[in-house]
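J.: Can you look at this prediction? I've put the sequence above it.
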Amino acid sequence: MSDILFQRQQIKAMAHRYRVNFINCLSGYKSANLVGTADADGHTNLAMVSSVVHLGADPALMGMVTRPRSVARHSVDNLQAMGVYTLNHVSRNMVPQAHQTAARYPREQSEFDATGLQAAWVPQFAAPYVSDSPLSIGLRLVEIKHLECNGTDFVIGAIEWVRLPGQALQEDGFVDLNQLDTVSVSGLDSYHPGAPSIGRFHYPKPDLPPRRQ
Ligand SMILES: Cc1cc2nc3c(=O)[nH]c(=O)nc-3n(C[C@H](O)[C@H](O)[C@H](O)COP(=O)(O)O)c2cc1C
């Protein structure tokens, strides 16, 4: 089969749902995380996100893109009000419940209760983590950058704590996601199991060929 080349006008002319699916696939395999938040009264909220990115290791920062302000964004409201949130890896056995958290539940309905995922708390930290999750990160809100081009927001958080099983942590700080059974997402609704690593490589140097560890 020969390749298809789509030009901008053809992409713009795609039916809405088709374009959403198509464009959401283009950034490749994405991480699957659940954002855990609570409001000032301790009412919890949980939402699926696939746009989490590493921003830097020192200071340890992570970013995520949230939908435009024109739609309900309970997680953003909570993390702005409380200044903290958690990110929780999705493992294979959590996928159906994790996907379900993306449903438009009313604000007063906790996605923890709706899906059966369990909330747990780190002392003195006002956002719940998902105890079913193999790896959770507590973040303190640093800033929210509004993106003029499409009305979305880029939420930046500083890592306050990380919880993971010790056996997945290697001597040099590398975390073996396969041991955690962490999944990835493609498009908006396709989940993928971890795959065996092709191998770790040494830091690349211009004058040396790629070197396996
Ligand atoms: C696979 C998947 C990935 C998603 N990624 C994001 C994302 O990166 N950012 C976002 O704002 N919403 C994303 N969503 C949509 C939210 O999960 C959804 O809007 C949710 O209802 C928001 O909940 P909240 O209003 O309680 O914060 C994603 C949904 C799915 C199923």
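T.: Thanks, I have the structure now. Numbers count the residues shown, from 1 in each chain.
J.: Tell me the confidence at the residue nearest to the spatial centre of the chain?
T.: Closest to where the C-alpha atoms of the chain average out (CA atoms, centre = their mean) is Asn33, at 3.3 Å. Asn33 carries a pLDDT score of 98 in this model.
J.: what do you get for Leu135?
T.: pLDDT, Leu135: 98.
J.: With Tyr129 instead?
T.: Per the predicted model, pLDDT is 98 at Tyr129.
J.: Tell me how many other residues surround Ser70.
T.: By other CB atoms under 10 Å, 7 other residues sit near Ser70. For every residue, glycine as well, the C-beta is placed using N, CA and C.
J.: got it, and the one 5 residues further on?
T.: Other residues near Ser75 number 25, with proximity taken as other CB under 10 Å.
J.: so it makes contact with Val84?
T.: No. Look at Ser75 against Val84 with CB atoms under 8 Å: they stay out of range, at 11.7 Å.
J.: what about stretch 99-107, start to end distance?
T.: Stretch 99-107 has an end-to-end distance of 18 Å (CA to CA, to the nearest Å).
J.: So for that stretch, what gets flagged as buried?
T.: Within stretch 99-107, the residues that count as buried by 16 or more other CB atoms under 10 Å are His99, Gln100, Thr101, Ala102, Tyr105.
J.: Out of those residues, flag the one nearest to the ligand.
T.: The closest of these to the ligand turns out to be Ala102 (CB to the nearest ligand atom; 3.5 Å).
J.: which non-adjacent residue is nearest that closest one?
T.: Distances taken as CB to CB, 6 or more residues apart in numbering put Met48 closest to Ala102, at 4.5 Å, once the chain neighbours are dropped.
J.: Look at the one you found and tell me its secondary structure.
T.: The three-state label given to Met48 by DSSP: H, G, I helix; E, B strand; the rest coil is strand.
J.: Extract the CA atoms of stretch 146-154 and return them as CSV.
T.: The C-alpha trace of stretch 146-154 is given here as CSV (Å, rounded to 0.1, in the frame of the first residue of the first chain):
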residue,chain,number,x,y,z
HIS,A,146,-2.1,30.0,29.4
LEU,A,147,-1.5,29.1,25.7
GLU,A,148,-3.0,31.7,23.5
CYS,A,149,-2.9,29.6,20.4
ASN,A,150,-5.8,27.2,21.5
GLY,A,151,-6.9,28.4,24.9
THR,A,152,-5.4,25.4,26.8
ASP,A,153,-3.2,25.7,29.9
PHE,A,154,0.2,24.3,30.6
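J.: Show me what counts as buried in that stretch.
T.: By neighbour count on 16+ other CB under 10 Å, the buried set for stretch 146-154 is Thr152, Asp153, Phe154.
J.: contact partners of it?
T.: Gly63, Met64, Val65, Thr66, Arg67, Pro68, Arg69, Ser70, Val76, Ile144, Lys145 (CB atoms under 8 Å, 6 or more residues apart in numbering).
J.: and the closest residue to Arg200 other than its chain neighbours, how many residues sit next to it?
T.: Leaving out its chain neighbours, the residue that sits closest to Arg200 by CB to CB, 6+ apart is Gln213, at 4.5 Å. Neighbourhood size, Gln213 [other CB under 10 Å]: 8.
J.: for Ile23, helix, strand, or coil?
T.: Applying three-state DSSP: Ile23 is helix.
J.: Kindly report the same for Gly56.
T.: Classification of Gly56 using three-state DSSP returns strand.
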